[in-house]
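Enquirer: fold the following.
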Amino acid sequence: MKVLVTGGAGYIGSHVTLAALDRGYDVTVFDDLSTGFKENIHKDTKFIQGSTLSESDLFKVFNYNRFDAVIHLAASKAAGESMQKPSKYAQNNIIGGLNLINACFEHKTQAFIFSSSAAVYGTPQYNPIDEFHPLSPTNYYGYTKLVIEENLKWFSDLKEMNYASLRYFNAAGYDLNKRINGLERDPQNLIPLTMEAVIGKRQKIEVFGNDYDTNDGTGVRDYVHVSDLANAHIDAIEYIFNEKKDLIINLGSSRGYSVLDVINKVIEISNKDIEYNIVDRRNGDVDVLIAKTDLAKDLILWEGKNSDLDTIIKSTWEIYQSSILNN
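Expert: This next block holds a predicted model:
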């Protein structure tokens, strides 16, 4: 199986690449290295530097290679930032995504695996959220993901290519065998931000709101270990080739942890204090967001084996701790 991984030098992309190699796939990584790291690129992959915003870059990739499947991870991913810089998200997520879809159709790629998000649901009408929940994003990031999902459905209906939309909840953690050591560049998510506070890279972190309808007043989210997430991408490819059907599934742990739960767990595991300030809520943030993952279990036999908070934080702390020792 020949697979192209866009954004394969990034945090999630490098773990997806590992999962594909572990299954014996022939992997090509396509990345512009704007947020990814060359050291994240496995020696057993072929690397092509380029951007989904460049049709000439995509032409070079597809003109000289034939891929059975494409895993699309090259997009901007911070919900808060998307409300401040919508043009960046329109370019990277919508235009880049459509360019890639077009290239796949032109070159008869059979499976398109899309890194979608729970942000497509918007404010939960119920928790845990299943795949039949109404789609009504409350931030521009979520809207960009929904636009690509809708286009994939149209193109799948009109052409001979199947797709999987994998609606991530919050990806976290690191490869348990420590095969990936690259830290996220300019992180926007809670766990890497707390780790940067622990290692002294930032003085304090901001907690966005403490007036949510939750036990401690801070927002509750569902965290899924990145290696579990990565394996789901390969399971999705195999489902598409075996069943010849599209796939839309949630990927999460079906458990919720508050912002303060996460901070306190990092303090416990690292044995270091973290300074934080409570600031105003961000536009588009919701109180609680938890996944219902029964469909993923039923269709691709997937489960989040490593997605407990202890494993997520321990595997992350080990990598950040190593970064201190190596500097």
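Enquirer: would you quantify the distance from residue 146 to residue 16?
Expert: 22 Å (C-beta to C-beta, to the nearest Å). To be clear about C-beta, it is placed using only N, CA and C from the backbone, and glycine gets the same treatment.
Enquirer: nope, residue 289 is what I was after
Expert: For residue 289 relative to residue 16 (C-beta to C-beta), the value is 23 Å.
Enquirer: follow-up on the earlier one: which one's more surrounded, residue 146 and residue 16?
Expert: Between residue 146 and residue 16, residue 16 has the larger neighbour count (other C-beta atoms under 10 Å), namely 29 against 20.
Enquirer: element containing the more buried one?
Expert: Following DSSP states H and E, one finds residue 16 within helix 11-22.
Enquirer: so which bits of that helix are buried?
Expert: The neighbour-count check on helix 11-22 (16 or more other C-beta atoms under 10 Å) flags 11-21 as buried.
Enquirer: same check, this time on stretch 34-44
Expert: Residues 35-37, 40-42 are the ones in stretch 34-44 that count as buried (16+ other C-beta under 10 Å).
Enquirer: contacts for stretch 122-130, please.
Expert: Here stretch 122-130 makes contact (C-beta atoms under 8 Å, 6 or more residues apart in numbering) with 118, 121, 133-138, 142, 222, 250, 254, 256, 286, 288-292, 294-295.
Enquirer: nope, stretch 144-164 is what I meant
Expert: 75, 82, 89-90, 93-94, 97-98, 101, 104-105, 108-114, 116-117, 119-120, 135, 137, 165, 233, 236-237, 239-240, 244-249.
Enquirer: quick revisit: tell me the one of the buried residues of stretch 34-44 nearest residue 208?
Expert: The nearest member of the buried residues of stretch 34-44 to residue 208, counting by C-beta to C-beta, is residue 35 at 21.9 Å.
Enquirer: pretty sure that closest one sits against residue 10.
Expert: Yes - using C-beta atoms under 8 Å as the test, residue 35 is close enough to residue 10 to be in contact (5.8 Å).
Enquirer: what are the ranges of the strands in the stretch 1-150 of the chain?
Expert: 2-6, 26-31, 46-49, 69-72, 111-117 (DSSP state E, counting those that start in this stretch).
Enquirer: which one of those lies nearest to residue 62?
Expert: Closest to residue 62 of the strands of the stretch 1-150 of the chain is strand 2-6 (C-beta to C-beta; 8.3 Å).
Enquirer: partners of that closest one in the sheet?
Expert: strand 26-31 (parallel), strand 69-72 (parallel) (DSSP bridges).
Enquirer: quickly list what residue 29 is bridged to.
Expert: Beta-bridge partners of residue 29, as defined by DSSP bridges: residue 5, residue 47.
Enquirer: how about residue 223?
Expert: residue 170.
Enquirer: measure it to residue 7 for me?
Expert: Residue 223 is 20 Å from residue 7, where distance means C-beta to C-beta.
Enquirer: flag every buried residue along stretch 151-163.
Expert: Of all the residues in stretch 151-163, those buried under the rule 16+ other C-beta under 10 Å are 151-152, 155, 161-163.
Enquirer: adding pLDDT and secondary structure, write those out as TSV.
Expert: Shown next, in TSV, are the buried residues of stretch 151-163 (pLDDT from 0 to 100; DSSP: H, G, I helix; E, B strand; the rest coil):
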residue	pLDDT	secondary structure
151	97	helix
152	98	helix
155	95	helix
161	93	coil
162	97	strand
163	98	strand
